[in-house]
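Visitor: From the sequence below, what's the structure:
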Amino acid sequence: MNAWKEFQEVNKDRFLQELLDLLRIPSVSAKSEHNDDMQACAKAVAKSLTDAGAQIATIYETEGHPIVYGEIIVDPSFPTVLVYGHYDVQPADPLELWHSGPFEPTIIDGKIFARGACDDKGQFYMHVKALEIMTKTNSMCTNIKFVIEGEEEIGSPNLATFVKANKDLLKADVILISDTAMISMDNPSIDIGVRGLSYIEIEVTGPNRDLHSGVYGGAVANPITILSKMIAACHDENNHITIPGFYDDVIESTDAERAKMAEAPFDLNEFKQDLGIANVWGEKGYSTNERTGIRPTLEVNGIWGGYTGEGAKTVLPSKAFAKISCRLVPNQSSTVITEKVLNYFKSIAPDNVTVSAFEHHGGEPYITPIDSHEYQSAAKAIATTFGKEPIPVRGGGSIPICSLFEQELGLKIVFMGFGLDSDNLHSPNEKYDIVNFYKGIETIPYFHQFFAEKK
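Guide: Numbers count the residues shown, from 1 in each chain. Next up is the predicted model:
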């Protein structure tokens, strides 16, 4: 047993308890009622960096929630790794679907159930503990910087300002992110890219007030009905997105690339069984893995209007609303797609309603070259601890700050995620397997070792 593994084995129970304490802080960035919790969580993250051996751990205030910066510079001649993560989490709603409190971490069958367990507290905290292992065993071979922000789940509105103002502070040789998933622990993988994001909200207004559905029904347009028809018009019979120009900039994957993707283990029946569905859905001509990796999408994230309380109320509502997100693939621009989607909804609205549409946030797609030293260092690290080479895959999620980092800092990004697609991210009963947490801590020091070796 090497020194890294021995130190982890001795301290693993403490590592886990520290993570559970962090998960107890309801750091929901989207809700102002949790502003104090965001401050408390930022302070806890800064303390954890200091305790792990960071020479500096500073909280930078922004116009929104704080950014935590930490660093340890061992030797200026060493390469520098910039670790990015986020301590904010998604809202826990709907609370009634959780089998335990979302901020009362519960361990069941070796899995931690809590909001943020995998996305992203459990994953960025692996890097904090890996730092502790390397500092306590006097085995640092890279300099390490940390940027742990509190606004990723709301589109990182203040991160660009921080990055642009602190380019010298953030100077590094590579960016390392653990905010993605693996195929499985038996089939380790590395995301070589993430999709971009365009997130908008639509408001449809009909009459100037809610109306009696008996007196006015059938004579006045119902905004919910109109909005539903408009949303339905976004896909054709082949589930192809109908918005003009939506696919104009999409770089089509080659047959060879699609064949490589098909090599990744995937059981369609198991996939359907896990989700409790009879069949899958999606763009005709593409497999499930392709639909979630190399193809853009348009999904309704929420729709509401009228009366939704207990009992019945025969109302024809004045307004209807929907939140819609598009996942984007390489060469698509979130700015361009957002404009196209907003204009589309305005253009197809009938004259018996008015439509207001606006953008919440967006981000660009990102691809990591698999022949780069950065990627190869991650692949070698995973092969060392898992005993098999990782499979390169394209992730379906989005990390909006990737293009910002590359543009402003000129750095390549490596995704070393240890979550699973079944971890219920953004859903009730989010989880993170303890074995994955420990395996990440075990693997990360090897990335630093291999990255420090000459290219």
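Visitor: per the record, what domains does the protein have?
Guide: Following automatic domain parsing, one gets these domains for the chain: 3-194+366-452, 196-250+296-363.
Visitor: Could you tell me what pLDDT the model assigned to the residue of the chain most remote from its centre?
Guide: Distance to the chain centre peaks in the chain at residue 215, reaching 47.0 Å (criterion: Cα atoms, centre = their mean). Among the per-residue scores, residue 215 shows a pLDDT of 96.
Visitor: Please name every helix or strand in contact with the strand or helix carrying it.
Guide: Assigned by DSSP states H and E, residue 215 belongs to helix 213-216. Contact here means 3 or more Cβ pairs under 8 Å, 6 or more residues apart in numbering; DSSP states H and E; on that basis helix 213-216 packs against strand 315-316. All C-beta atoms are positioned from the backbone trio N, CA, C, and that covers glycine.
Visitor: Buried residues, the following helix or strand past the strand it packs on. List them.
Guide: Next along the chain after strand 315-316, taking DSSP H and E as the criterion, comes strand 319-328. Using 16 or more other Cβ atoms under 10 Å as the test for burial, strand 319-328 gives 319, 320, 321, 322, 324, 325, 326, 327, 328.
Visitor: got TSV for those, with pLDDT and distance to residue 241 too?
Guide: Listed next are those as TSV, based on pLDDT from 0 to 100; distance: Cβ to Cβ, whole Å:
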residue	pLDDT	distance to residue 241
319	98	26
320	98	21
321	98	21
322	98	16
324	98	11
325	97	13
326	97	8
327	96	11
328	96	11
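Visitor: Export those residues to CSV and append columns for distance to residue 395.
Guide: As requested, those are exported to CSV (distance: Cβ to Cβ, whole Å):
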residue, distance to residue 395
319, 36
320, 33
321, 29
322, 26
324, 21
325, 15
326, 16
327, 10
328, 13
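Visitor: For the helix or strand of the chain with the lowest mean pLDDT, which outside residues touch it?
Guide: Lowest by mean pLDDT, DSSP states H and E among the helices and strands of the chain is helix 255-262, with a mean of 85. For helix 255-262, contacts defined as Cβ atoms under 8 Å, 6 or more residues apart in numbering pick out 253, 287, 289, 290, 293, 294, 392, 393, 394.
Visitor: again, only this time at 7 Å
Guide: Here helix 255-262 makes contact (Cβ atoms under 7 Å, 6 or more residues apart in numbering) with 287, 289, 290, 293.
Visitor: Report the backbone C-alpha coordinates of it in PDB.
Guide: The C-alpha atoms that make up helix 255-262 are tabulated as PDB, following Å, rounded to 0.1, in the frame of the first residue of the first chain:
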ATOM      1  CA  ASP A 255     -19.600   7.500 -39.200                       C
ATOM      2  CA  ALA A 256     -16.200   6.600 -37.500                       C
ATOM      3  CA  GLU A 257     -17.000   8.800 -34.500                       C
ATOM      4  CA  ARG A 258     -20.500   7.300 -34.200                       C
ATOM      5  CA  ALA A 259     -19.000   3.800 -34.400                       C
ATOM      6  CA  LYS A 260     -16.600   4.700 -31.600                       C
ATOM      7  CA  MET A 261     -19.500   5.900 -29.400                       C
ATOM      8  CA  ALA A 262     -21.400   2.700 -30.100                       C
END
